[in-house]
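[1] Fold the stuff below for me.
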Amino acid sequence: MTRTFALFTLLTLAGCASDLSVGVVHAVPPKFNIVPAKSVAVIGGADNEADQKHEDNFIDLVVYTLRLAKQYDVKDERQLARAINPGHGLFEAADWQKYLDETAGEVIVRVGVPSESSQVSGSDDDGWDVECFARLDLFRPRTGERIGSVRAHGTGYDADQLTAWADALNDTADQIIGGFASRKTYDLIELDHDAPLVREGMRKFDNSEYAAVLSLWEDGLTKFPNSAPLLYNLGAVCEALSDEKAARVYYSRAIAIAPQVQHYQQALAQLNQRRADAEAAVADPGAEDARKMGRHR
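    Modelled structure (predicted):
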């Protein structure tokens, strides 16, 4: 089977055979699709000055991450909202309508993070568990129509408290942004270490010779045509190379030979789910870019 390879995302975890994995790009659709909007206005929801300072740090992270993704024109309207409503928090009806009339966003993103929403605790092995909570509310300008709401609960764990804290904040921000913008994640698929030629393939993985791995295992099928583990591994590598058609064929062949092996069936189901998610997300302005990044990174 001949293929022309572009740059692609293929993550490997080298070491022992049981750690060998490949990574595939997963375009996750937003909870609320706000297309055809191209701009979002971000405001806060704190109802007192102390909470506002705590909240602003988190909103800074959300705004930075949104702008980095370049899915939407992000308008930070916290100052505009506070100028209209100096008392902080939820608007009075007249002030809220004034803001709705003045906003430059096609969708209003209101992020609320009360100061009591974060919890930090130690653990028996001296690690740190951190939990963060936030809320997202989406509105249309002019009318104030509520599009939807999301409650986020981010967690972090690390021996270093600051690292655990940062992980929890990033997790929470990711959930907030996922309320209205597509996200790109990586799913790891563990390879079957009982497959023929897996050790030879591992050495090529260590040298980043990904095309050579595929060629080696495809050639191996001439000697081991009924090896379900080899067929499964080929399916995983093909999926990582964005060849979903070949991946589906190899997974299906592995299942036909070894229907009792659950993770072969799970791999095919997850491939189908990733495809469905990509199709659901494609209407979002950032979804196609996310898929391209997975192929060409």
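[2] residue contacts, G148?
    Contacts for G148 were tallied using CB atoms under 8 Å, 6 or more residues apart in numbering; they are 31-32, 137-138, 179. C-beta here means a position set from N, CA and C on the backbone, and glycine is covered the same way.
[3] which regions of the stretch 101-250 of the chain sit below the pLDDT cut-off?
    For the stretch 101-250 of the chain, the stretches with pLDDT under 70 are 115-125.
[4] Do a quick rundown of the helices in it.
    Secondary structure of the stretch 101-250 of the chain (DSSP state H, counting those that start in this stretch): helices at 161-177, 198-206, 210-220, 228-240, 244-257.
[5] just those: most buried one?
    Ranked by average neighbour count under the criterion mean count of other CB atoms under 10 Å, the helices of the stretch 101-250 of the chain are headed by helix 228-240 at a mean of 26.
[6] Alpha carbons only: can I get that helix in PDB?
    Output of helix 228-240 as PDB, limited to C-alpha atoms (Å, rounded to 0.1, in the frame of the first residue of the first chain):
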ATOM      1  CA  ALA A 228      -5.400  -9.800  14.900                       C
ATOM      2  CA  PRO A 229      -2.900  -7.900  17.100                       C
ATOM      3  CA  LEU A 230      -0.900  -6.900  14.000                       C
ATOM      4  CA  LEU A 231      -4.000  -5.800  12.200                       C
ATOM      5  CA  TYR A 232      -5.100  -3.800  15.200                       C
ATOM      6  CA  ASN A 233      -1.800  -2.000  15.500                       C
ATOM      7  CA  LEU A 234      -1.900  -1.200  11.800                       C
ATOM      8  CA  GLY A 235      -5.400   0.300  12.400                       C
ATOM      9  CA  ALA A 236      -4.000   2.500  15.200                       C
ATOM     10  CA  VAL A 237      -1.100   3.800  13.200                       C
ATOM     11  CA  CYS A 238      -3.300   4.500  10.200                       C
ATOM     12  CA  GLU A 239      -5.700   6.500  12.300                       C
ATOM     13  CA  ALA A 240      -2.800   8.500  13.700                       C
END
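[7] Helix 210-220 and that one, what's the angle between them?
    Using axes from the mean of the first three to the mean of the last three CA atoms, to 10 degrees, one finds that helix 228-240 and helix 210-220 are set 150 degrees apart in direction.
[8] Packing partners of helix 228-240?
    In terms of contacts (3 or more CB pairs under 8 Å, 6 or more residues apart in numbering; DSSP states H and E), helix 228-240 is packed against strand 21-28, strand 183-190, helix 198-206, helix 210-220, helix 244-257, helix 262-281.
[9] can those go into a markdown table with extra columns for distance to I43?
    A markdown table is the format used below for the helices and strands packed on helix 228-240 (distance: least, CB to CB, whole Å):
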| stretch | distance to I43 |
| --- | --- |
| strand 21-28 | 25 |
| strand 183-190 | 22 |
| helix 198-206 | 47 |
| helix 210-220 | 46 |
| helix 244-257 | 40 |
| helix 262-281 | 26 |
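[10] Nearest to V40, out of these?
    V40 lies closest to strand 183-190 among the helices and strands packed on helix 228-240, at 15.0 Å (CB to CB).
[11] Between strand 21-28 and that closest one, find me the angle.
    Using the same axes, to 10 degrees: strand 183-190 against strand 21-28 is 150 degrees.
[12] So which bits of strand 183-190 are buried?
    Neighbour counts using 16 or more other CB atoms under 10 Å place 183-185, 187, 189 of strand 183-190 among the buried residues.
[13] which residues pair with V24 across the strands?
    Residues in a beta bridge with V24, per DSSP bridges, are D187.
[14] residues contacting the residue lying closest to I255 once chain neighbours are set aside?
    Closest residue to I255 apart from its sequence neighbours, by CB to CB, 6 or more residues apart in numbering: Y264 at 5.0 Å. Contacts for Y264 were tallied using CB under 8 Å, 6+ apart; they are 228, 232, 251, 254-255, 258.
[15] still on that earlier bit, distance to A269 for the helices of the stretch 101-250 of the chain - can I get that in CSV?
    CSV is the format used below for the helices of the stretch 101-250 of the chain (distance: least, CB to CB, whole Å):
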stretch, distance to A269
helix 161-177, 24
helix 198-206, 23
helix 210-220, 22
helix 228-240, 12
helix 244-257, 9
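[16] right, and these - which one's nearest T155?
    Closest approach to T155 among the helices of the stretch 101-250 of the chain (CB to CB): helix 161-177, 5.6 Å.
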